[in-house]
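Chemist: pasted the sequence and its predicted model underneath.
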Amino acid sequence: ANGGAVRDYAGVGRVPHPGVPIIAIPTTAGSGSEVSGTTIITEEAAHEKLLVISMYLVPEIAILDPLLTYGMPPALTAATDALTHAIESCVSRKATKLTIDFSLRAAGRLARFLPVAFASPDDAEARRECLLGSLEAGIAFTNSSVALVHGMARPLGAKFGIPHGVSNAVLLEAIMRFSLPGAQERYARLAEAMGAVPAGTP
């Protein structure tokens, strides 16, 4: 619908016209792209991941069917960046009460059910809950933004060929420690939502 090369659209709001309607049917519980206007396209020659953000990329319809995720191997199941989406969108400076609620629900689901889906790939409940967690985290970060983990993970993945979810995971702990002083109350809520501490822990 727009012509040109993908690089022409790298950045925010650089897609001038809508294309064909998009129906998104995720086969992984990872990116939340079924509710996002963000896409990443790797330019192999330059070892660069181009970020394209446009409301024209938001799917018209999202269909979440857990059956389509049963074939995911354990390594791909574990390499999701949905949990990073949930955490970063919760502590983002652009977060709102609404997005934080989505973030906390997503973090809770994913902390509980990702290990189950990894260990038992055909567990229907775990697959469904991981898809819902990815969706909720996608809604949260689309409306509040991600943060430093994603900012550093994208070039890391492009230069070294590391899967995006893995590069997020490699960076997540160190960056959480770095950002903790600026978002202690939200990290505490995340810890509760994820079952790391009992509810009401001071």
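Modeler: Arrived safely, thanks for sending.
Chemist: please, where are all the helices along this protein?
Modeler: Ranges of helices in the chain, per DSSP state H, are 74-78, 82-91, 97-119, 124-144, 148-160, 164-179, 184-193.
Chemist: who's in contact with the fifth one?
Modeler: To tie it back to what came earlier, the one meant is helix 148-160. 40, 42, 47-49, 51, 81, 84, 87-88, 162-164, 166-168, 170-172, 175, 178-179 (CB atoms under 8 Å, 6 or more residues apart in numbering). Quick note: C-beta positions are derived from backbone N, CA and C, even for glycine.
Chemist: how about 6 Å then?
Modeler: For helix 148-160, the surrounding residues in contact (CB atoms under 6 Å, 6 or more residues apart in numbering) are 47-49, 84, 88, 164, 167-168, 171-172, 175.
Chemist: buried subset of those as a ChimeraX selection?
Modeler: Filtering those down to the buried ones (16 or more other CB atoms under 10 Å) takes a single ChimeraX command:
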select :48,49,84,88,164,167,168,171,172,175
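Chemist: may I ask which two of the contacts of helix 148-160 are separated the most?
Modeler: Spanning the widest gap among the contacts of helix 148-160 are 47 and 88, at 24.3 Å by CB to CB.
Chemist: how many neighbouring residues does residue 96 have?
Modeler: Look at residue 96: counted by other CB atoms under 10 Å, it has 12 neighbours.
Chemist: I misspoke; the intended subject was residue 170.
Modeler: Residue 170 has 15 neighbours, counted by other CB under 10 Å.
Chemist: so where's this protein shaky on pLDDT?
Modeler: By pLDDT under 70, the low-scoring segments of the chain are 202.
Chemist: can we see that at 80?
Modeler: Residues of the chain meeting the criterion pLDDT under 80: 46-47, 158, 199-202.
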